[in-house]
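Asks: missing the sequence, but the structure's below:
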């Protein structure tokens with residue numbers, strides 16, 4: 001039985017096409033379609049319902065230190081209101097999930113991927129000591145407001161939230177509704193994520209959607225936006241066999257940190273370089289290449305595979321991300337994607353495909 005998010009009825013009212021995603025009925029697109037939604041977010045502001053994501057509060061003595069021993073990142077250094085993007089690693093250095101950790105007054109709030117939340121919360125419960133308490137925030141909805149108009153719109157409701165720098169959060173009211181707002185997102189655009197009690201979710205959604213520049217955006221455009229921004233999607237660019245170094249996320253690893261699962265392998269990759277690495281691919285064809293497509297070189301040697309691929313509406317052409325042998329990952333390298341017996345030309349290109357516009 002698929003679960004419903006708090007705004008299920010509102011999405012139907014807005015003309016959403018609902019699909020099964022991570023155990024939930026989720027809006028994939030609305031009347032305007034994926035391309036128009038995508039371009040609206042890039043030019044104005046998009047409203048995303050991401051309430052299927054998992055949210056939890058972890059509190060107790062030494063909780064930051066204990067969480068730091070489960071990730072390669074600096075968690076103890078987080079100050080109140082600061083956020084950190086990181087990964088939970090396994091003993092082989094692979095990624096159990098990629099998560100966002102926010103320090104607030106009473107502890108640390110984690111946002112995890114919908115498909116991973118049950119295993120994540122069980123993993124954390126099994127590894128955190130009795131000094132720590134994990135509470136799933138099952139009565140919270142989660143929204144994102146993304147795009148160049150997002151800050152102007154947010155300023156109408158909360159000057160405090162609109163003045164946040166990137167990866168900072170605050171507790172504030174929006175139209176009289178108490179929320180936790182962060183300056184973050186998954187589109188490459190400036191914007192905000194908003195955690196709100198499910199009982200107030202519809203009122204807040206209608207408030208934001210009443211703004212002229214705001215349009216509802218489904219999962220389809222959310223995926224093409226994050227692909228253009230060169231952002232990892234768990235199950236594609238990250239999984240339990242792909243390390244953060246291979247995924248191009250070496251920047252999230254705390255210097256000198258050696259006390260976390262898989263540290264030996266990850267530190268070795270930092271020092272010697274990984275055998276494979278995530279890259280961007282410019283597809284020299286009108287035909288998109290999809291996840292799983294094999295990448296070959298001029299000698300027909302298999303040297304990697306596509307992790308995500310689609311038409312990029314902002315660029316008017318297909319792009320992809322791939323996990324390649326490091327020996328073939330130099331910018332400008334000409335390769336081929338094998339698609340239904342055809343060899344589609346591709347060129348290794350820098351990430352992101354579309355520049356980020358975060359408010360630093």
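Replies: Yep, it's here. This is a predicted model, so every value here is computed, not measured.
Asks: show me the contacts for the residue lying closest to residue 42 once chain neighbours are set aside.
Replies: Nearest residue to residue 42 in three dimensions, chain neighbours excluded: residue 314, at 5.6 Å (CB to CB, 6 or more residues apart in numbering). Any C-beta I mention is one placed from the backbone N, CA and C, and that applies to glycine too. For residue 314, the contacting residues are 38, 39, 42, 228, 353, 354, by CB atoms under 8 Å, 6 or more residues apart in numbering.
Asks: got the phi/psi numbers for residue 314?
Replies: Dihedral pair for residue 314: phi -70, psi -30, per degrees, to the nearest 10.
Asks: Report the separation between it and residue 25.
Replies: According to CB to CB, to the nearest Å, residue 314 stands 28 Å off from residue 25.
Asks: What is the burial count for residue 136?
Replies: Using other CB atoms under 10 Å, residue 136 has 15 neighbouring residues.
Asks: So it sits against residue 54, correct?
Replies: Yes - Residue 136 is in contact with residue 54 according to CB atoms under 8 Å; the separation is 7.3 Å.
Asks: quick one: common contacting residues for these two?
Replies: Listed as contacting both residue 136 and residue 54 by CB under 8 Å, 6+ apart are residue 121.
Asks: Among the contacts of residue 314, which are located in strands?
Replies: Using DSSP state E, no member of the contacts of residue 314 sits in strands.
Asks: State the pair within the residues you listed that is farthest apart.
Replies: Spanning the widest gap among the contacts of residue 314 are 39 and 353, at 14.7 Å by CB to CB.
Asks: These two: which is more packed in?
Replies: Neighbour count, other CB under 10 Å: between residue 39 and residue 353, residue 353 has more, with 21 against 17.
Asks: For the more buried one, give its distance to residue 309.
Replies: Taken as CB to CB, the span from residue 353 to residue 309 is 11 Å.
Asks: Between those two, which contacts overlap?
Replies: Common neighbours of residue 353 and residue 309 (CB under 8 Å, 6+ apart) are 227, 319.
Asks: and residue 144, how many residues sit next to it?
Replies: Neighbour count of residue 144, defined by other CB under 10 Å: 25.
Asks: Please read the previous query as pertaining to residue 328.
Replies: Neighbour count of residue 328, defined by other CB under 10 Å: 20.
Asks: Please name the nearest non-neighbouring residue to it.
Replies: Closest to residue 328 by CB to CB, 6+ apart is residue 303, at 4.6 Å.
Asks: Tell me the buried residues in the helix or strand where that neighbour lies?
Replies: Secondary structure from DSSP states H and E places residue 303 in strand 302-312. Within strand 302-312, the residues that count as buried by 16 or more other CB atoms under 10 Å are 303, 304, 305, 306, 307, 308, 309, 310, 311, 312.
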